[in-house]
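Chemist: got a predicted structure here, sequence first:
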Amino acid sequence: MTTTANVYHNYIGGKWQGAESGQTVPNYNPATGEILGYFPLSGEAEVNAAVAAARAAFEKWRLVPAPKRGEILFRVGELLKQHKEELARTMTLEMGKILKETRGDVQEGIDMAYYMGGEGRRLFGHTVPVELPDKSGIAMRDPIGVVACITPWNFPIAIPTWKMFPALVAGNTVVFKPASDTPMSALRLVEILYEAGLPEGVVNIVFGPGSTVGDALLHNPDVAVISFTGSTESGRHVAMEAAKSLKRVSLEMGGKNAVIVMDDADLNLAVEGILWSAYGTTGQRCTACSRVIVHSAIRKQLVDMLVPRIKRLRLGNGLNDGVDVGPVINATQLAKIHSYTEIGKDEGATLVTGGSPVHEGELAGGNFYQPTLFTDVRPHMRIAQEEIFGPVLSMIEVHSLEEAIVVNNNTKYGLSSAIYTQDINRVQQAMRDITTGILYINSGTTGAEIQFPFGGTHGTGNGHREAGIAGLDVFTEWKVVYTDFSGRLQKAQIDQ
Ligand code: UN1
């Protein structure tokens with residue numbers, strides 16, 4: 001395809017520069033196939049330069065008073081607000097989700113900017129009593145150094161802000177490796193950070209794939225922390241490589257999230273929650289609902305209510321009004337999603353609606369997939385166990401709350417769950433026994449707010465959380481300072 005699309009650069013140590021190799025990679029619009037721009041195909045040399053710039057900037061940035069660091073984030077929040085529409089359009093162009101949702105993506109970034117800006121005047125440690133007289137103790141948070149932020153394409157603004165903003169307010173510097181499918185949104189975010197007054201070198205962006213840029217970050221000894229969101233397979237690779245140099249690693253990976261619908265549920269409400277969390281973002285959220293666990297007594301009724309609504313969802317370009325479901329990110333994902341439809345059929349599940357890519361009419365140039373529902377799914381089937389990351393929903397029938405909870409918990413993931421019931425006792429039981437990191441009562445599985453810890457159990461994570469106060473733990477090292485003002489040697493833990 002001939003194009004006049006622009007060529008963009010990495011931003012390293014305050015300078016825009018291409019990859020040494022001179023090679024670039026096209027950025028495609030998944031709704032049309034059009035090329036939006038060319039981004040550097042970077043490798044180790046660019047990563048090492050970016051880490052060196054971040055390392056040099058760290059020595060000054062860590063000494064900037066935290067409230068001043070926070071003020072820059074407040075300005076970032078203002079700028080994100082001003083540019084919300086432009087950023088939302090950029091995101092829709094390069095990753096496809098509908099404008100309403102890309103606006104929500106920017107909004108999460110705005111919320112995080114204000115939240116972490118406020119942390120500039122908190123960053124609470126502890127002051128607690130000590131055992132000995134004339135002595136004090138405090139625990140304070142220290143920045144760690146250079147943080148590598150490796151981010152996915154499904155939330156091109158929000159997820160980088162969950163990582164960069166707490167890292168920055170705590171006094172760390174950043175090398176940012178955005179997903180290859182969403183470089184433009186990432187570049188705009190970095191431009192906004194500098195427009196807000198960030199000193200040069202504090203954030204550096206390097207474009208390129210995980211196999212070159214990602215691996216170079218894992219191997220660079222001056223990278224202290226890796227914050228990664230992406231597939232469980234890539235996350236495992238990150239953890240294994242980073243372990244060699246004992247880097248701190250925070251992983252946020254896959255999900256196989258379920259909505260449980262009990263026999264006493266408000267079914268109208270449940271249908272809305274399922275539609276939104278299964279087919280919103282074209283199913284490409286780590287929090288997306290990909291299983292419905294339904295009580296046998298209302299199974300037929302729920303299917304009868306759900307199917308016409310699924311069929312009415314309008315596929316199309318996310319920039320157009322009235323579109324409910326945009327394209328999936330790229331041809332590889334489209335093929336993967338469709339392969340799961342084939343797997344589901346082979347496993348004996350019933351394909352009730354959807355199940356095909358769409359190439360007709362104005363959708364011809366894009367990566368579109370019909371919103372899909374399988375029923376008669378058994379909990380052990382691959383379509384009930386593996387993350388599909390597309391608009392494919394598997395319905396599993398159960399006969400009790402206990403069985404629903406077992407099915408809910410029994411995947412290798414543990415991010416988000418939801419239960420629809422009117423019964424307070426069932427709610428309490430679900431709160432106690434469901435093992436995911438997030439649980440919704442009477443709403444779908446998506447929509448986590450930035451002031452709470454975000455993350456999951458089992459194969460979803462490695463024990464860390466993003467966002468909220470918990471998010472700061474990834475980017476700070478505890479330092480405890482004891483001051484003895486007795487003027488004599490006092491021995492702790494020794495009988496005096
Ligand atoms: C993701 O899909 O990786 O809770 C993040 C939600 C959003 C974030 C999703 N706030 O659905």
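Modeler: Cool, the structure landed. Computed from a predicted structure; not experimentally measured. Residues are numbered from 1 along each chain as shown.

Chemist: run through the neighbouring helices and strands of the strand or helix carrying Ser290.
Modeler: With secondary structure defined by DSSP states H and E, Ser290 is part of strand 289-295. In terms of contact count using 3 or more Cβ pairs under 8 Å, 6 or more residues apart in numbering; DSSP states H and E, strand 289-295 is assigned the packing partners strand 257-261, helix 267-279, strand 392-398, helix 401-409. Yep, even glycine has a C-beta here, placed from its N, CA and C like the rest.

Chemist: pick the most deeply packed of the ones you listed.
Modeler: Among the helices and strands packed on strand 289-295, strand 257-261 has the highest mean neighbour count (mean count of other Cβ atoms under 10 Å), at a mean of 29.

Chemist: out of the helices and strands packed on strand 289-295, nearest to the ligand?
Modeler: The closest approach between the ligand and any of those, judged by Cβ to the nearest ligand atom, belongs to helix 267-279 at 7.8 Å.

Chemist: what are the contacting residues of that closest one?
Modeler: 257, 259, 261, 285, 287-290, 292, 298, 301-302, 305-306, 309-310, 313, 324-325, 371, 391, 393, 418, 420, 440, 442-447 (Cβ atoms under 8 Å, 6 or more residues apart in numbering).

Chemist: how far does it sit from the chain's center?
Modeler: The chain centroid and the centroid of helix 267-279 are separated by 22 Å under Cα atoms, centre = their mean, to the nearest Å.

Chemist: can that helix be found next to the ligand?
Modeler: No. Helix 267-279 stays out of contact with the ligand when judged by Cβ under 6 Å from any ligand atom, the minimum separation being 7.8 Å.

Chemist: any idea of the mean pLDDT for that helix?
Modeler: Confidence over helix 267-279 (mean pLDDT, whole number) is 98.

Chemist: what angle sits between it and strand 392-398?
Modeler: Angle of helix 267-279 versus strand 392-398, following axes from the mean of the first three to the mean of the last three Cα atoms, to 10 degrees, is 140 degrees.

Chemist: can you list the residues of this structure near the ligand?
Modeler: Taking Cβ under 6 Å from any ligand atom as the criterion, the neighbours of the ligand within the chain are 108, 154-155, 229, 285-287, 446-448.

Chemist: which two in those residues are spaced the farthest apart?
Modeler: Among these, the pair separated by the greatest distance (Cβ to Cβ) is Thr229 and Gly447, at 17.1 Å.

Chemist: higher neighbour count, the two?
Modeler: Set side by side, Thr229 and Gly447 give different neighbour counts by other Cβ atoms under 10 Å, the larger being at Thr229 (25 against 16).

Chemist: tell me what the closest residue to the more buried one other than its chain neighbours is bridged to.
Modeler: Of all residues not flanking Thr229 in the chain, Glu252 sits nearest, at 4.3 Å (Cβ to Cβ, 6 or more residues apart in numbering). Each beta-bridge partner of Glu252 is listed here: Thr229, Gly461, as defined by DSSP bridges.

Chemist: does Glu252 really touch Gly461, like I thought?
Modeler: Yes. Taking contact to mean Cβ atoms under 8 Å, the distance of 5.8 Å between Glu252 and Gly461 places them in contact.

Chemist: who has more neighbours out of those two?
Modeler: Remark: of Glu252 and Gly461, Glu252 carries more neighbours, 27 against 24, as counted by other Cβ under 10 Å.

Chemist: who's in contact with Thr90?
Modeler: Listed by Cβ under 8 Å, 6+ apart, the contact partners of Thr90 are 184-185, 188.

Chemist: quick one: what helix or strand has it in it?
Modeler: Taking DSSP H and E as the definition, one finds Thr90 inside helix 84-95.

Chemist: what mean pLDDT does that helix have?
Modeler: The model assigns helix 84-95 a mean pLDDT of 98.

Chemist: wait, a strand at Gly355?
Modeler: No. When DSSP: H, G, I helix; E, B strand; the rest coil is applied, Gly355 is found to be coil, with no strand at that position.

Chemist: go through the residues of the chain next to the ligand and flag which are in helices.
Modeler: Glu108 (DSSP state H).

Chemist: the residues of the chain next to the ligand in strands, which ones?
Modeler: Judged by DSSP state E, the subset of the residues of the chain next to the ligand located in strands is Thr229.

Chemist: and the buried ones among the residues of the chain next to the ligand, selectable in PyMOL?
Modeler: Only the buried entries of these go into this PyMOL selection, using 16 or more other Cβ atoms under 10 Å:
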select buried, resi 108+154+155+229+285+286+287+446+447+448
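
Chemist: export the residues of the chain next to the ligand to a markdown table and tack on pLDDT?
Modeler: Conversion of the residues of the chain next to the ligand to a markdown table gives the following (pLDDT from 0 to 100):
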| residue | pLDDT |
| --- | --- |
| Glu108 | 98 |
| Asn154 | 98 |
| Phe155 | 98 |
| Thr229 | 97 |
| Arg285 | 97 |
| Cys286 | 97 |
| Thr287 | 98 |
| Thr446 | 98 |
| Gly447 | 96 |
| Ala448 | 97 |
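
Chemist: between the residues of the chain next to the ligand, which sits nearest Lys345?
Modeler: Arg285 (24.8 Å).

Chemist: okay, the residue positioned nearest the centre of the chain: pLDDT?
Modeler: By Cα atoms, centre = their mean, the chain has its centre lying nearest to Ile159, at 4.8 Å. pLDDT, the model's per-residue confidence, is 98 for Ile159.

Chemist: please apply the same query to Gln496.
Modeler: Gln496 carries a pLDDT score of 65 in this model.

Chemist: so what's the nearest residue to Phe74 once chain neighbours are set aside up against?
Modeler: Distance criterion Cβ to Cβ, 6+ apart; nearest residue to Phe74, sequence neighbours excluded, is Gly117 at 4.1 Å. Applying Cβ under 8 Å, 6+ apart, we find Gly117 in contact with 70-74, 76-77, 165, 169.
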